[in-house]
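**Q** quick one, what's the 3D model for this:
(chains A and B)
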Amino acid sequence: MRHIFNKNIFRLSLILLSSVIIISTATAVSIKPAWYYDTGHPVTKVVISSDGDVVVAGTPYTTYVFNKSGKLLAKVKSGVSDIDLSSDGQYIAIASRRC
Amino acid sequence: MANILLLLPGGVKYIDKYGDVLWELREKRRWLIAISSDGQYIITGRIMGPMASDELILFDKYRNELWVRPISSITEVAISADGRYIAACGGSVVHYFNKYGDRLWSYDTRITIRSMDMSLDGSYVVVGNNMGVYLFDRNGKLLWEYDTDGAALTVAISSDGKYIVAGSKGGKLYYFDRSGKLLWSYNIGDLISSVDISADGKYVVAGSYNNNVYCFDNTGKLLWSYETGAWVNSVAISSDGRFAVAGSNDHKVYYFAVSSVISTPTPTPTPTPTPMPAVGEVRLESDKVAVAPGETFDLNIYLKGNVSKAVLVNFTYPNLVEVVDTKTYGVFDLIDTITQGTGYVKYLGVSTTGVNLSNKIKVATITFKVNNSAEPRDVIKFNVSTATINGQNVPASTITITIVSEPWQKYDTDHNGKIDDLELLQAIQDWLNNKLNDLDLLNIIMKWLQS
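**A** Numbers count the residues shown, from 1 in each chain, chains lettered A, B, ... in the order given. Reported below is the predicted structural model:
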């Protein structure tokens, strides 16, 4: 086996093979969302609490509040253009769209 | 309970996360808003239109208006975690106030500002305008500026102000340290609409008009991306970097568990510990869940309980392994008694007297070596036969370690009998670091090809 199988060629082929794998996987690491929610309107702004427990999403017509498992906690008829979130996640601030 | 401050077209609404209204302020203006960590202070920008100067207004959480300051063409507001410092951008100017409404400084960047963020304590303010990125300290000193590829439409700063990320109209993502050194950049190729950074700066998310959400680590490595059905308007990452959320023009909100991707597979993962009960418990933990013949692993023994008299832990394990080293901590002794049983032939005990273990404590580490006679798929089970604290039996965990022999099995971290891409990458990484020999890598690659 050894006299027909040069170690350097072996190493080189491994490097080539591995770099092909690295390149292919580096560009193709994909993720599936844990959940998603269709609001029926463009989602213009999202914020998340520090621990990821609360998510607020704003559309031009409605503001949605979710928990981390995607359960809809509140749906408020109020368009938003901007949302801010306190660093401890206790408060979420949403600014109205232009009226 | 999380409270939410809503600014409706007709005013401001303060609601809790279940949508219950706490208070309401009706006024037909467009507003900007930011809130302090404790929710005590709410800073708002009231946009008055072309006929009057816009206003910066600080409210307390009871809706009291604390002060009003004029700011022309207000576009951004921010407040420090404790509410002591406030920043606002109007046109090309950054303004910085204390909580009493005193203007501490202003700085004119001479170019329209597009984005702004503030570190948690207000020590640093990062601003993005149509030219680039600017970092200011609390005293209004411009620390540095950097010209970006098109307008810096979105900026974010880590909680401690150590790292800054910016996304440009030209589609470039920039990652700076506080000194202004560009640590890395990444060409996304299309307008970056939104960026966010975890509290420690370790993770960065970006959303682009090329429909993708991206997540990077602090070295600039692209951890993952996800393509939505339309351009991405907004992204955010939780402070701990574990969760990310994106809002897309395809009408959907997406929630990502970042940690499911960033937990790099290791050949021998540590079993996930479960919470200790309050009464007292014995916990066995191993640093590996799969070992090859000839390999060593550590078994750690943890105790918890209010112990005033004695602790005794006896446990048995099979003769597939032998003890090569033992270590005890504090006042604990290791009793090494050998007895003959069926299949499980040995036991070790840990004992002590008079110690208070109100917190979980590691009492011993035993290093085992797997015999060369161990066969693949053999299981080493550590069974706690007796665990007593103050003479009372307490719950104890059992631990199972699987013997593997094929090199690929060690890298099959999800135990699905296959080598997937990430597992192979880990092997290649180990091989490049000379932790794995060529033949073993070949074995793993062959398995990967079969999978």
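
**Q** what segments of the stretch 351-451 of chain B are helices?
**A** Along the stretch 351-451 of chain B, counting by DSSP state H, counting those that start in this stretch, helices occupy B:407-411, B:421-432, B:438-450.

**Q** among these, which is nearest chain A?
**A** Closest to chain A of the helices of the stretch 351-451 of chain B, according to C-beta to the nearest C-beta: helix B:421-432, at 4.4 Å. Any C-beta I mention is one placed from the backbone N, CA and C, and that applies to glycine too.

**Q** show me the contacts for B:Leu104.
**A** B:Tyr85, B:Tyr96, B:Phe97, B:Asn98, B:Arg138, B:Asn139, B:Gly140 (C-beta atoms under 8 Å, 6 or more residues apart in numbering or on different chains).

**Q** give the pairing partners of the helix or strand harbouring it; include direction for each.
**A** Following DSSP states H and E, one finds B:Leu104 within strand B:103-108. Paired with strand B:103-108 in the same sheet, following DSSP bridges, are strand B:93-98 (antiparallel).

**Q** what residue ranges in the stretch 1-150 of chain B score low on pLDDT?
**A** B:1-11, B:13-16, B:19-20, B:28 (pLDDT under 70).

**Q** repeat that for chain A.
**A** A:1-29, A:78-79, A:81-99.

**Q** about what we covered before: any chance of TSV for the helices of the stretch 351-451 of chain B, columns mean neighbour count and distance to B:Tyr226?
**A** Below are the helices of the stretch 351-451 of chain B laid out as TSV (neighbours: other C-beta atoms under 10 Å in any protein chain shown; distance: least, C-beta to C-beta, whole Å):
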stretch	mean neighbour count	distance to B:Tyr226
helix B:407-411	23	26
helix B:421-432	20	17
helix B:438-450	17	24
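
**Q** and these as CSV, adding distance to chain A and mean pLDDT?
**A** Shown next, in CSV, are those (distance: least, C-beta to the nearest C-beta, whole Å; pLDDT from 0 to 100):
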stretch, distance to chain A, mean pLDDT
helix B:407-411, 13, 77
helix B:421-432, 4, 88
helix B:438-450, 6, 85
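
**Q** between the ones you listed, which gets nearest to B:Ile43?
**A** helix B:421-432 (44.0 Å; C-beta to C-beta).

**Q** helices and strands around the closest one, which ones?
**A** Here helix B:421-432 touches helix A:7-26, helix B:407-411, helix B:438-450, going by 3 or more C-beta pairs under 8 Å, 6 or more residues apart in numbering or on different chains; DSSP states H and E.

**Q** domain parsing for chain B?
**A** As given by automatic domain parsing, the domain ranges for chain B are B:3-262, B:280-403, B:407-450.

**Q** deepest-packed of these, please.
**A** Stretch with highest mean neighbour count among these: domain B:3-262 (a mean of 20; mean count of other C-beta atoms under 10 Å in any protein chain shown).

**Q** distance from the strand holding B:Leu104 to the middle of the chain?
**A** Taking C-alpha atoms, centre = their mean, to the nearest Å, the mean C-alpha location of strand B:103-108 is offset from the chain mean by 34 Å.

**Q** now the spatially closest residue to B:Ser115 that is not a sequence neighbour: which helix or strand?
**A** Excluding the flanking residues, the one nearest B:Ser115 by C-beta to C-beta, 6 or more residues apart in numbering or on different chains is B:Gly128, at 3.9 Å. Element membership for B:Gly128, per DSSP H and E: strand B:124-129.
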